[in-house]
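In: Just the structure for this:
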Amino acid sequence: PLLVNNIGLIVAGIATLLVPLCQTHIHLIIYCIIWGGFIAFHVSLSLIIVCQTVGLERYSNALGLTLMFRGITALSAPPIMGAIRDATNSFDIAFIIGGISFITSALMYF
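Out: Alright, predicted model coming up:
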């Protein structure tokens, strides 16, 4: 499961890095299909990976921490990326940061 998870994160990260190159609506639709398909690997396998990493005895605590940090990220990332967009008048840097974040998280699992 860990290898499949990492492949999904890397492909989603590469796709996100390429968003600034999208010139048409069709390109963005293709990005969304690729990103959604590959980030699903991470979403569906993360519970199994947490259990394999910490064991059943610590699973509930580890899952709680995992979901807490996901929530913090989900709440804080959009305003931060919006501030970057306001400062640069472009979403390009925000997508580059997002793509690098996905790829970095996959590499940390290896």
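In: Measure how buried A62 is and give me the count.
Out: Burial of A62, expressed as a neighbour count using other CB atoms under 10 Å, amounts to 15. For glycine as for every other residue, the C-beta is placed from the backbone atoms N, C-alpha and C.
In: Phi, psi for the closest residue to it other than its chain neighbours please.
Out: Once its chain neighbours are removed from consideration, A62 has its nearest residue in V54; the separation is 4.3 Å (CB to CB, 6 or more residues apart in numbering). V54 adopts backbone torsions of phi -110, psi -10, taken as degrees, to the nearest 10.
In: same check, this time on G55
Out: Taking degrees, to the nearest 10 as the convention, G55 sits at phi 90, psi 170.
In: cool, V50 as well?
Out: When read as degrees, to the nearest 10, the backbone of V50 gives phi -60, psi -40.
In: tell me the contacts of it?
Out: Contacts of V50 were listed using CB atoms under 8 Å, 6 or more residues apart in numbering, and they are 59, 62-63, 66.
In: Out of the residues you listed, flag the one nearest to V19.
Out: Ranking the contacts of V50 by separation from V19, with CB to CB as the measure, puts T66 on top at 26.3 Å.
In: Which residues are in contact with that closest one?
Out: So T66 contacts 46, 50 (CB under 8 Å, 6+ apart).
In: Now name the helix or strand holding it.
Out: Using DSSP states H and E, T66 falls within helix 59-88.
In: still on that earlier bit, mind checking how far the residue nearest to A62 is from G64?
Out: Distance check for V54 against G64: by CB to CB, to the nearest Å, it reads 11 Å.
In: Looking at those two, which has the bigger crowd around it?
Out: The neighbour comparison of V54 against G64 (other CB under 10 Å) goes to V54, with 16 against 10.
In: Quick check: buried residues in whichever helix or strand comes after the helix holding T66?
Out: Stepping forward along the backbone from helix 59-88, the first helix or strand reached (DSSP H and E) is helix 92-109. Within helix 92-109, the residues scored as buried using 16 or more other CB atoms under 10 Å are 94-96, 98-99, 102-103, 105-106.
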